[in-house]
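J.: Using only what follows, build the 3D model:
(2 chains)
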2 protein chains.
Amino acid sequence: MANHTVAAFDLELKELQRTIAAMGGIAETMQSDAIDALAKQDVRLAQKIIAADPELDRLQRDVEEKAILTIARRQPMAVDLRDVIATIRIANDLERVGDLVKNIAKRILAMDGQFPPPTLLASIGRMSLMALNQFKSVIDAYTQRDPQAALAVWQRDGDIDNLYTSLFRELLTYMMEDPRNISFCTHLLFAAKNVERIGDHATNIAETVYYLVTGESLAVDRPRGDENELSAQAGE
Amino acid sequence: MANHTVAAFDLELKELQRTIAAMGGIAETMQSDAIDALAKQDVRLAQKIIAADPELDRLQRDVEEKAILTIARRQPMAVDLRDVIATIRIANDLERVGDLVKNIAKRILAMDGQFPPPTLLASIGRMSLMALNQFKSVIDAYTQRDPQAALAVWQRDGDIDNLYTSLFRELLTYMMEDPRNISFCTHLLFAAKNVERIGDHATNIAETVYYLVTGESLAVDRPRGDENELSAQAGE
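T.: As a prediction, this is how the structure comes out:
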């Protein structure tokens, strides 16, 4: 690229990266609010989470549009091209994380009036916190361009899957104990599934960061915690 | 674009569109197999579905890679640029449809030995067929560049949502009747949710087709069937 093109490219890339950082911040707050809202069955906080989601959608479209214009105008190569593509992919994952958290918030609204037992809420809270930590670590790995940190996130995904499988069994037990538990347990089941999927998106982002920095793909076989008998029952 | 660039662009776009058509064919077969496999609780067919999914993943990466190279090399504008972006978006939706169908197949494996009542299987079969028809219509709308057909798909999404909500209640009733139903009902609950999400992807593709042909976005407010009391209970 000519010098002025390089400068223009750098400016455009920086703006894309700033938008990703903003999206990461919004998605992190939504997740942390969802942990509180679940624990306290806080309907107002759930509504705040739902209201935050459209901004993530808007920013994702913004990143996609600008990234494609940058590719067309500046024709970046090698790591520069990977850098722009990474913003498209990560924005996509962040937008989907937002949808999943929004859905958890809607389930809090739907459970209104059926306060689940504290032990169940504690289990799902633990799982949500693990997913949030994975999420924060992978956003840091992106900001720092740290492939080792990304790899560590990728390797830890199995832990969330295992926690999901055990929570799945815990919820089934509650449902079988008393039919009155069934309604809120199905909501918690979907909420837990969404948390597990947030973990998957953190892992996707880890793959993107690793590829961006090293130019190499992580092995296709992800170390998922779902190859055992229990997860087969959880339908993973 | 210069004439030789136009010719090169047309060739590349045609190849991208052929790959989308191939992906659409695979995803359609997977869905139609899943309907049979669910109805007959056919474990071997479920395994065939699971085995088909990696090819969709591979083709999606292929489309993304080639589309971005085309944008960088040919710098298409207006409808040409929208055409290339559409292939990236649609490939993304098709890959996710594949994941959802694969997950339904895994749940058939997980339900092994607990044959659900025929009426329940009929309900989820009806819903799956509706989603498959939406899917086929929107792939046709893409092939034909038909914005009206895309709009019709988009407007019908609420029907699947309504069927999901009623199936959700039906499953809850079964679970409450007999604790022995709970395990397979949770699998069917997730399967039904996945079918509903397949419908959402058909709607996404409809939005992409509409935008591709007309250059205009469909209104942000999708006519979802989830604005009522029942769906609030289904956590939509």
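J.: Look up how far chain B lies from A:Thr165.
T.: For A:Thr165, the distance to chain B (Cβ to the nearest Cβ, to the nearest Å) stands at 12 Å. The C-beta positions use only the backbone N, C-alpha and C, and glycine is treated the same way.
J.: With A:Tyr142 instead?
T.: A:Tyr142 is 19 Å from chain B, by Cβ to the nearest Cβ.
J.: In terms of secondary structure, what does the one helix or strand that residue maps to contact?
T.: Using DSSP states H and E, A:Tyr142 maps to helix A:118-144. Other helices and strands packing on helix A:118-144, by 3 or more Cβ pairs under 8 Å, 6 or more residues apart in numbering or on different chains; DSSP states H and E, are helix A:3-40, helix A:78-110, helix A:147-177, helix A:182-214.
J.: how many degrees apart are the third one and helix B:182-214 in direction?
T.: Right, the one you point to is helix A:147-177. Here helix A:147-177 runs at an angle of 130 degrees relative to helix B:182-214 (axes from the mean of the first three to the mean of the last three Cα atoms, to 10 degrees).
J.: Which strands or helices does helix A:147-177 pack on?
T.: Counting by 3+ Cβ pairs under 8 Å, 6+ apart, helix A:147-177 packs on helix A:118-144, helix A:182-214, helix A:229-234, helix B:182-214.
J.: Swap in 10 Å and give it another go.
T.: helix A:118-144, helix A:182-214, helix A:229-234, helix B:147-177, helix B:182-214 (3 or more Cβ pairs under 10 Å, 6 or more residues apart in numbering or on different chains; DSSP states H and E).
J.: Just want the angle from it to helix A:118-144.
T.: Using the same axes, to 10 degrees, helix A:147-177 lies at 160 degrees relative to helix A:118-144.
J.: Output stretch A:57-72 in PDB, but only the C-alpha positions, please.
T.: The C-alpha coordinates for stretch A:57-72 follow below in PDB (Å, rounded to 0.1, in the frame of the first residue of the first chain):
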ATOM      1  CA  ASP A  57     -26.900  -4.800  17.100                       C
ATOM      2  CA  ARG A  58     -26.300  -1.300  15.700                       C
ATOM      3  CA  LEU A  59     -22.500  -1.400  16.400                       C
ATOM      4  CA  GLN A  60     -22.200  -4.800  14.800                       C
ATOM      5  CA  ARG A  61     -23.800  -3.600  11.600                       C
ATOM      6  CA  ASP A  62     -21.500  -0.500  11.800                       C
ATOM      7  CA  VAL A  63     -18.400  -2.700  12.100                       C
ATOM      8  CA  GLU A  64     -19.400  -5.000   9.200                       C
ATOM      9  CA  GLU A  65     -20.200  -2.000   6.900                       C
ATOM     10  CA  LYS A  66     -17.000  -0.100   7.700                       C
ATOM     11  CA  ALA A  67     -14.700  -3.200   7.600                       C
ATOM     12  CA  ILE A  68     -16.000  -4.100   4.200                       C
ATOM     13  CA  LEU A  69     -15.500  -0.600   2.900                       C
ATOM     14  CA  THR A  70     -11.900  -0.700   4.300                       C
ATOM     15  CA  ILE A  71     -11.200  -4.000   2.500                       C
ATOM     16  CA  ALA A  72     -12.500  -2.600  -0.800                       C
END
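J.: correct me, but A:Asn204 touches A:Arg89?
T.: Yes - if you go by Cβ atoms under 10 Å, A:Asn204 and A:Arg89 touch, sitting 7.5 Å apart.
J.: Now do the nearest residue to A:Leu163 once chain neighbours are set aside against A:Asp161, distance only.
T.: In this structure, A:Leu163 finds its nearest non-sequential neighbour in A:Met127, 4.6 Å apart by Cβ to Cβ, 6 or more residues apart in numbering or on different chains. Separation of A:Met127 from A:Asp161 (Cβ to Cβ, to the nearest Å) stands at 10 Å.
J.: Same question for A:Ala34.
T.: With Cβ to Cβ as the criterion, A:Ala34 and A:Asp161 are 19 Å apart.
J.: More neighbours: which of those two?
T.: Taking neighbours as other Cβ atoms under 10 Å in any protein chain shown, A:Ala34 and A:Asp161 compare with A:Ala34 leading, 30 against 24.
J.: is it true that that one touches A:Ala105?
T.: Yes - applying Cβ under 10 Å, one finds A:Ala34 in contact with A:Ala105, separated by 6.1 Å.
J.: Quickly list what's touching both of these two.
T.: Taking Cβ atoms under 10 Å, 6 or more residues apart in numbering or on different chains as the contact rule, A:Ala34 and A:Ala105 both touch A:42, A:45-46, A:49, A:191.
J.: quick check, nearest of these to chain B?
T.: Within the shared contacts of A:Ala34 and A:Ala105, the smallest distance to chain B is 8.5 Å, found for A:Ala191 (Cβ to the nearest Cβ).
J.: That closest one - how many residues pack around it?
T.: By the criterion of other Cβ under 10 Å, A:Ala191 has 27 neighbours.
J.: so it makes contact with A:Leu100?
T.: Yes - using Cβ under 10 Å, A:Ala191 is in contact with A:Leu100, at 9.4 Å.
J.: Spit out the contact partners of the residue nearest the centre of chain A.
T.: The residue lying closest to the centre of chain A (Cα atoms, centre = their mean) is A:Ile198, at 3.5 Å. By Cβ under 10 Å, 6+ apart, A:Ile198 lies in contact with A:27, A:31, A:34, A:93, A:96-98, A:100-101, A:104, A:127-128, A:130-132, A:134-135, A:160.
J.: mind running it again at 7 Å?
T.: A:97, A:100, A:131, A:135 (Cβ atoms under 7 Å, 6 or more residues apart in numbering or on different chains).
J.: is it true that the first one touches A:Thr203?
T.: Spelled out, it's A:Val97. No - using Cβ atoms under 7 Å, A:Val97 makes no contact with A:Thr203, being 11.8 Å away.
J.: neighbour-wise, which of these two wins?
T.: A:Val97 (29 against 26).
J.: show me what contacts the more buried one?
T.: So A:Val97 contacts A:27, A:198, A:201 (Cβ under 7 Å, 6+ apart).
J.: Give me every residue in chain A that's in contact range of chain B.
T.: Listed as neighbours of chain B in chain A under the rule Cβ under 7 Å from any Cβ of the partner chain: A:68, A:71-72, A:75, A:81, A:85, A:106-107, A:109-110, A:172, A:175-176, A:179, A:182-183, A:186-187, A:189-190, A:232-233, A:235-236.
J.: Of those residues, keep whichever come out buried.
T.: A:68, A:71-72, A:75, A:81, A:85, A:106-107, A:109-110, A:172, A:175-176, A:182-183, A:186-187, A:189-190, A:233, A:235-236 (16 or more other Cβ atoms under 10 Å in any protein chain shown).
J.: Based on its surroundings, how many neighbours for the nearest residue to A:Arg74 once chain neighbours are set aside?
T.: Leaving aside its sequence neighbours, A:Arg74 sits nearest to A:Phe9 (Cβ to Cβ, 6+ apart; 4.3 Å). Look at A:Phe9: counted by other Cβ under 10 Å, it has 19 neighbours.
J.: Same check on A:Lys136?
T.: Neighbours around A:Lys136, by other Cβ under 10 Å: 16.
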